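**Q** Here's a sequence, model it:
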Amino acid sequence: RVSFRPRRELGMVPRVSCASALARAPKEYPRIDADEGRPLDPFHALEDPYHADTKAFVSQQQEVAEETLNRCRARGGMQERLKQLLDHPRRSAPKRRGEKRAFYTRNRGLQAQDDLCVSRSGGGGCESGGKEEEDLVVVDPTRLGGAIASYEASPDGRKLAYAFAKGGSDWCEVRFVQLNHEDEDEVHVEELPDRLRYVKFTGLAWNLTGDAIVYNRFPPPNAREEYAKDSDGHMEDGEDKGSNPELGTETNANRGQQLVYHRMGTSQDEDVILWKAEGEQEEWMASGEITDDGKYLVVGITHGCDPVNRLVVLDLEEMGENIKEGCLMKKGRYMVNNFDAQYDYVANDGTIFTFKTNLNSPRYKLVRVDLSDESKVNNPQDWMEVLSQSDHVLKWAAALKGDVMVCDYLVDAKDVLQVRKLSNGELLEELDLPIGSVTSFSGRREDSDFYFKFQTFTEPGTIYRVDTAGGRSKTLEVFHRSELKDEKYDPDCLVTEQIFATSKDGTRVPMFVTYEKGMKMDGNNLTMLYGYGGFNISLTPSFSASQLAFVLGFGGIAVTANLRGGGEYGEEWHKAGSLKNKQNVFDDFIACAKHLIQLGYTNPAKLAIQGGSNGGLLVAACTNQRPDLFGCAVAHVGVMDMLRFHKFTIGHAWCSEYGCADSSEEEYQNLLAYSPIHNVRIPECGEGEYPSMMLLTGDHDDRVVPLHTLKLVASIQSQMKQVDKGRDIPRNPVIARIESQTGHGAGKPTDKVIEQYADVYAFIGGCLGGEW
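**A** Next up, the predicted model:
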């Protein structure tokens, strides 16, 4: 099972010399001993984050990275430019709760974390035109030393639950505050004693009266036992890993999720487990949502990350106070008891429910069913179609007051908002919006108006209010506009265009390209190509201060590619880039790079590629397959060991996207053919070069654990040493930027975000000869 052929195109000619100004001799990299008994996993020891050798390796890599980055002339300038572009007020769309309150997050500019605020004004809290001076900060996560992962207020707006995370970990603690309304205009905040621990990948669903909440938790991880086992699962002797490692640094698989009902004022030990994943189903997960009328708990049960779920509905009104352990499984109605399609709750009127689904509709549609009709239970093919599948992807639908709903469609990776009738899907109006993305939405079944935040590549975001009273919307009302303070910035000086590349099999692949007006397309422009291509995730036009700083500071071109594996064109597009079709994603990205070169935007020596998480895998795989095509590669928190990813934290959920090496020989060989750590092929001395590379991770990344990055950087650096045989010959740099107290990316403080992206783009500029 060790035979495979690396996927490189015939006729590929590597660059014959080192082009980077940051070059270093491979012999200068830290030493790491390979385990010759593990030919496919020679750096297996780096999987243990607590071992002294791993800690030493990380420390040495940090020193190499810092020394290299200190040589990047644009590092300081990039930091200052990012500060200028981020130093502007911004906020989320307001979420109304109760009659007089609205909640939102805000940042005045360079705050470490966004504050969670509540309006003091009456009339729903949203009539102040977006003014925030008199609003109250309910939670200041910066003061608490962490970040707010999610939040939800009770229906009456008097209680607030928020998931609080530290160090960038996915682990959260749910905390609560009481908002005591002493009069119409004053709100006083009181912290409640309830604390919910070991929470991860959770929803927060309040019951109608605000005295109970539904959430998700996992059994506590036991890292010491995990790392005391050898490869066969037996206990090993050796170094004590510590009895209580910091939460978020462990790599244990997350299994046995629970859906739990917590009554306010009680201990977490008294919580009722409505459902739990156990036995052969221990890797399943569930999410709960309580309907607008508070009468039903709608639960989607998933296995993996595919857009499919089982659908269970529990009648909370019927249950009353008799909510006991396992009642979802015993009393819930399984409306769909298979994994054939996805079902998302949109609205209900009594027992009449509307769902968004991809059943026989890869671009999604809306269907309706009466829960009381026994003939429709587990027969979704017989449910009434309300809104048929169109030529474009239906991202979501939200019901408002009366016979009105808002639908968000994805048209060639651009968001389009439509107002339609909830009863039959009839189109009432399409909102006039430029090319961009809806980044947040807020609307309730009891209100005729709604709010949404809209971004473009060049504008940081405008919140609009739309009133649909009478069935049709009025003119878009600007509720709040984020405006950059940078006096040097003029969005009218930038151009964003959409172009299409042709992939290896003839598929058209879209890209958004942003650059300054008047740029010469002479093939010599510094260009950054970004991609993801997986998990049904769509890359739509959104504002990025770091990409903008790159365009303005280096006179560069920023490109975002919409690859197969994403959700831009529906489930067929997604499936065309997953499992055995994963190579299509890499082919798409390579085709985009070629197209940019052919059109005269850039050339290989000036082209950088970048991606994170699944996009980190993309960057590493394409670097292995076409090292000649790129001058620099930046991979954030990437999945790099495709034979073992499923063994760590939540990695087992990705088997629906990638496959699993332990499942079959076919899946094993498919994964082995592109797995980054197994396909490093450094050309012999004098015969070619790998691009300059920066690999990034954080010690609290418990989504894609740091071992992936550590094993890849060890593989590349050790091979460079082997082929150069100790000679003092400069090579393009390969560094690992490893942060402390950060995770997969969410919740990272603003100062660390600035430092990270200043390093990334200064490194790109330094390696590719960019002028700041």
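
**Q** tell me which element residue 151 falls in.
**A** Residue 151 is part of strand 147-153, with elements assigned from DSSP states H and E.

**Q** Could you give the number of residues near residue 765?
**A** The number of residues packed near residue 765 is 26, by other Cβ atoms under 10 Å. (Each C-beta comes from the backbone N, C-alpha and C, glycine too.)

**Q** how close does it sit to residue 75?
**A** 9 Å (Cβ to Cβ, to the nearest Å).

**Q** which one is residue 364 nearest to, not counting chain neighbours?
**A** Here the nearest residue to residue 364 in space, its sequence neighbours aside, is residue 394; by Cβ to Cβ, 6 or more residues apart in numbering that works out to 4.0 Å.

**Q** ugh, typo on my part, it should be residue 87
**A** Sequence neighbours aside, residue 109 is the residue nearest to residue 87 in space, at 4.1 Å (criterion: Cβ to Cβ, 6+ apart).

**Q** Just give me the neighbour total for that neighbour.
**A** When counting by other Cβ under 10 Å, one arrives at 12 neighbours for residue 109.

**Q** now residue 653
**A** Count around residue 653 with other Cβ under 10 Å applied: 21.

**Q** That one touches residue 284, doesn't it?
**A** No: using Cβ atoms under 8 Å, residue 653 is not in contact with residue 284; the gap is 9.6 Å.

**Q** just to revisit the earlier point, okay, and the beta partners of the residue nearest to residue 364?
**A** Per DSSP bridges, the residues bridged to residue 394 are residue 409.

**Q** Identify the residues contacting it.
**A** Residues near residue 394 by Cβ atoms under 8 Å, 6 or more residues apart in numbering: 356, 363, 364, 365, 366, 387, 407, 408, 409.

**Q** can you check residue 315 too?
**A** Counting by Cβ under 8 Å, 6+ apart, residue 315 touches 295, 296, 331, 333.

**Q** Go through those residues and say which is closest to residue 703.
**A** Checking these against residue 703 by Cβ to Cβ gives residue 296 as the nearest, at 31.5 Å.

**Q** per-residue confidence at the closest one?
**A** What the model reports for residue 296 is a pLDDT of 98.

**Q** List phi and psi for it.
**A** The phi/psi pair for residue 296 (degrees, to the nearest 10) reads phi -130, psi 150.

**Q** Share the number of residues neighbouring residue 537, please.
**A** Using other Cβ under 10 Å, residue 537 is surrounded by 17 other residues.

**Q** For residue 570, see how far away it is.
**A** 13 Å.

**Q** And the strands in the stretch 601-750 of the chain?
**A** Assigned by DSSP state E, counting those that start in this stretch, the strands in the stretch 601-750 of the chain fall at 607-612, 632-636, 692-698, 734-739.

**Q** Could you list the residues in contact with the last one?
**A** The set of residues external to strand 734-739 that reach it, using Cβ under 8 Å, 6+ apart, is 29, 58, 61-62, 64-65, 68-69, 690, 692-699, 706, 709-710, 713, 716-717, 720, 752, 756, 759, 763.

**Q** Can you say which of these are buried?
**A** For the contacts of strand 734-739, a burial check counting by 16 or more other Cβ atoms under 10 Å picks out 29, 58, 61-62, 64-65, 68-69, 690, 692-699, 706, 709-710, 713, 716-717, 720, 752, 756, 759, 763.

**Q** distance of residue 720 from residue 451?
**A** Per Cβ to Cβ, residue 720 is found 53 Å from residue 451.

**Q** Residue 590 too?
**A** Distance, residue 590 to residue 451, using Cβ to Cβ: 41 Å.

**Q** Looking at those two, which is more packed in?
**A** For residue 590 versus residue 451, the count of surrounding residues by other Cβ under 10 Å is larger for residue 451: 25 against 21.

**Q** so who does the closest residue to the more buried one other than its chain neighbours touch?
**A** Nearest residue to residue 451, sequence neighbours excluded (Cβ to Cβ, 6+ apart): residue 93, at 4.1 Å. Counting by Cβ under 8 Å, 6+ apart, residue 93 touches 104, 440, 441, 442, 451, 452, 453, 463, 479.

**Q** pLDDT score for residue 93?
**A** Note for residue 93: predicted pLDDT of 96.

**Q** Look up which helix or strand it falls in, please.
**A** Per DSSP H and E, there is no helix or strand for residue 93.

**Q** now do residue 596
**A** According to DSSP H and E, residue 596 maps onto helix 583-598.

**Q** Need the contact partners of stretch 280-289.
**A** For stretch 280-289, contacts defined as Cβ under 8 Å, 6+ apart pick out 201, 203, 205, 214, 216, 255-257, 259, 274-275, 277, 297-304, 345, 652-653.

**Q** average pLDDT for it?
**A** Across stretch 280-289, pLDDT averages out at 98.

**Q** So for that stretch, what gets flagged as buried?
**A** Across stretch 280-289, burial judged by 16+ other Cβ under 10 Å covers 283, 284, 285, 286, 287, 288, 289.

**Q** Same question for stretch 523-532.
**A** Across stretch 523-532, burial judged by 16+ other Cβ under 10 Å covers 525, 526, 527, 528, 529, 530, 531, 532.

**Q** ok, the residues you listed vs residue 422, which is closest?
**A** Of all the buried residues of stretch 523-532, residue 422 sits closest to residue 532, with 33.0 Å by Cβ to Cβ.

**Q** In contact with the residue nearest to that closest one when sequence neighbours are not counted, which residues?
**A** Spatial nearest neighbour of residue 532, excluding adjacent residues (Cβ to Cβ, 6+ apart): residue 615 at 4.2 Å. Each residue near residue 615 by Cβ under 8 Å, 6+ apart is listed here: 530, 531, 532, 533, 534, 635, 636, 638.

**Q** Nearest to residue 595 among those?
**A** Looking across those and measuring by Cβ to Cβ, the closest to residue 595 is residue 531, at 13.0 Å.

**Q** show me the contacts for the closest one.
**A** Going by Cβ under 8 Å, 6+ apart, residue 531 touches 539, 560, 561, 563, 588, 589, 592, 609, 611, 615, 618, 619.

**Q** Save those residues as a markdown table, and put in distance to residue 326 and pLDDT too.
**A** A markdown table is the format used below for the contacts of residue 531 (distance: Cβ to Cβ, whole Å; pLDDT from 0 to 100):
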| residue | distance to residue 326 | pLDDT |
| --- | --- | --- |
| 539 | 41 | 98 |
| 560 | 46 | 98 |
| 561 | 47 | 98 |
| 563 | 43 | 98 |
| 588 | 46 | 98 |
| 589 | 47 | 99 |
| 592 | 50 | 98 |
| 609 | 49 | 98 |
| 611 | 42 | 98 |
| 615 | 40 | 98 |
| 618 | 42 | 98 |
| 619 | 45 | 98 |
